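A.B. asks: could you work out the structure for the sequence below:
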Amino acid sequence: ATNDCGTNNSTPVTLTVYALPNVPAAGNNFKSYTGIANTTTISATPASGEPIDWYETESSVPALSSGSTTYLPTAVSVGTYTFYAAARNTTTTCVSASRTAVSLTINKANTSITATGTTSFMYNGSEQGTATSSVSGSTGAVTYSYSGTAPTSYGPSATAPTNAGTYTVVATVAADANYN
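C.D. replies: Numbering: from 1, shown residues only. Purely as a prediction, here's the structure:
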């Protein structure tokens, strides 16, 4: 179009600037170590109708997963694993201005241990006592502590008793990377 001064003006066009989606809300999740593939998800809550895209870092691309409010980390070992959620508007394809950190913490699991083996011995003047155990969990070192039971007076001691009497033995296992 030409104006009165002989210059050309462009035809007006409508420009739309879309608002960015809100940063999603999220809560962290916790579980105990199981030694098997993780089945605990983390989640984020966007505004209505907006999916979540999940990322490894605050600025990484591409997304690890898209379109779901939940994400299933593949972590197995004890530790804290953090991922980042961004909301996406499916109409405008705009994403939230920042990503929300969401963590899965895998805590150490408890270990169980039971002293096993022979519980009755004939006096022979040598150290005697059970020195075997059944452990479920930790691969740490196992130690034994022997104590006399009244009227027997002994210990507690890591050395098995040599005298006739009645004793208790307590087996203990040290923690490892995944177990208390």
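A.B. asks: does residue 22 touch residue 47 like I think?
C.D. replies: Yes: using Cβ atoms under 8 Å, residue 22 is in contact with residue 47, at 5.4 Å. Quick note: C-beta positions are derived from backbone N, CA and C, even for glycine.
A.B. asks: are there residues contacting both of these two? Which ones?
C.D. replies: residue 87 (Cβ atoms under 8 Å, 6 or more residues apart in numbering).
A.B. asks: find the centremost residue of the protein, please.
C.D. replies: Centroid-nearest residue in the chain, with Cα atoms, centre = their mean: residue 106, separated by 1.7 Å.
A.B. asks: can you name the helix or strand that that one falls in?
C.D. replies: strand 100-107 (DSSP states H and E).
A.B. asks: now do that strand, average pLDDT.
C.D. replies: Across strand 100-107, pLDDT averages out at 97.
A.B. asks: leaving aside the residues next to it on the chain, what's closest to residue 36?
C.D. replies: Spatially, and ignoring its direct neighbours in sequence, residue 36 is nearest to residue 76 (7.2 Å; Cβ to Cβ, 6 or more residues apart in numbering).
A.B. asks: the one you found reaches residue 38, doesn't it?
C.D. replies: Yes: the criterion here is Cβ under 8 Å, and residue 76 meets it with residue 38 at 6.2 Å.
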